[in-house]
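>>> structure here, sequence nowhere to be found:
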């Protein structure tokens, strides 16, 4: 009788261990899926932030270049017709993409005069997607991600 009780207890413990082991595996797989999905969920769509119907073109002086993931930002001081200066932020592509197409973090320095073309922020703020950067010497750089290059007129 005791041997039957021990047998059943061991079988029961084995079942619990297998169940716990499987639950741990399921938990780890779930956490892995969540961790890999987070960057995808965090990345925004172009249309959520910018308005394709509102192209913008401004000329000004680079005040700052923020070269880091997930997108670079180029800040430009722009004077209006009354001489009032406003700062515009242009979101560019990822540094890795821009490096592959020939940019370096040193191509634009504060004080550089540029003409920026892109699409204005959907909320109307002084932000835009940076598609085309024209330097004072006429050279053109494309700051947008691959899917945006060529769309700026």
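Here it is on my side, so go on. None of these values were measured; they are calculated from a predicted model.
>>> in this structure, where is pLDDT below threshold?
1-48, 145-153 (pLDDT under 70).
>>> again, only this time at 90
Residue ranges of the chain with pLDDT under 90: 1-53, 70-71, 93, 97-108, 124, 130-132, 135-153.
>>> quick one, domains of it?
1-42, 46-142 (automatic domain parsing).
>>> who are the contact partners of residue 92?
71-74, 98, 130, 143-145 (Cβ atoms under 8 Å, 6 or more residues apart in numbering). In this view, the C-beta of every residue, glycine as well, is placed from N, C-alpha and C.
>>> quick one: the strands in the protein?
Secondary structure of the chain (DSSP state E): strands located at 50-66, 73-79, 85-91, 113-121, 127-135, 140-142.
>>> highest mean neighbour count out of those?
Among those, strand 127-135 has the highest mean neighbour count (mean count of other Cβ atoms under 10 Å), at a mean of 23.
>>> neighbouring contacts of that one?
Against strand 127-135 from outside (Cβ under 8 Å, 6+ apart): 46, 49-50, 56, 74, 88-92, 108, 112-121, 140-144, 148-149, 151-152.
>>> so what strands line up beside that strand?
Applying DSSP bridges to the sheet, strand 127-135 is found paired with strand 85-91 (parallel), strand 113-121 (antiparallel), strand 140-142 (antiparallel).
>>> could I get those strands as CSV with distance to residue 65?
Below are these laid out as CSV (distance: least, Cβ to Cβ, whole Å):
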stretch, distance to residue 65
strand 85-91, 10
strand 113-121, 10
strand 140-142, 12
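>>> so for residue 62, which of those strands sits nearest?
strand 113-121 (5.9 Å; Cβ to Cβ).
>>> how much does the closest one deviate in direction from strand 73-79?
Going by axes from the mean of the first three to the mean of the last three Cα atoms, to 10 degrees, strand 113-121 is angled at 110 degrees with respect to strand 73-79.
>>> out of the contacts of residue 92, which comes closest to residue 65?
For the contacts of residue 92, the nearest to residue 65 is residue 74 (5.5 Å; Cβ to Cβ).
>>> who does that closest one bridge with?
With DSSP bridges as the rule, residue 74 is bridged to residue 65, residue 90.
>>> just residue 116 next, same as before
residue 58, residue 133.
>>> can you pull the contacts of it?
Counting by Cβ under 8 Å, 6+ apart, residue 116 has contacts 56-60, 74, 76, 88, 90, 128, 130, 132-134.
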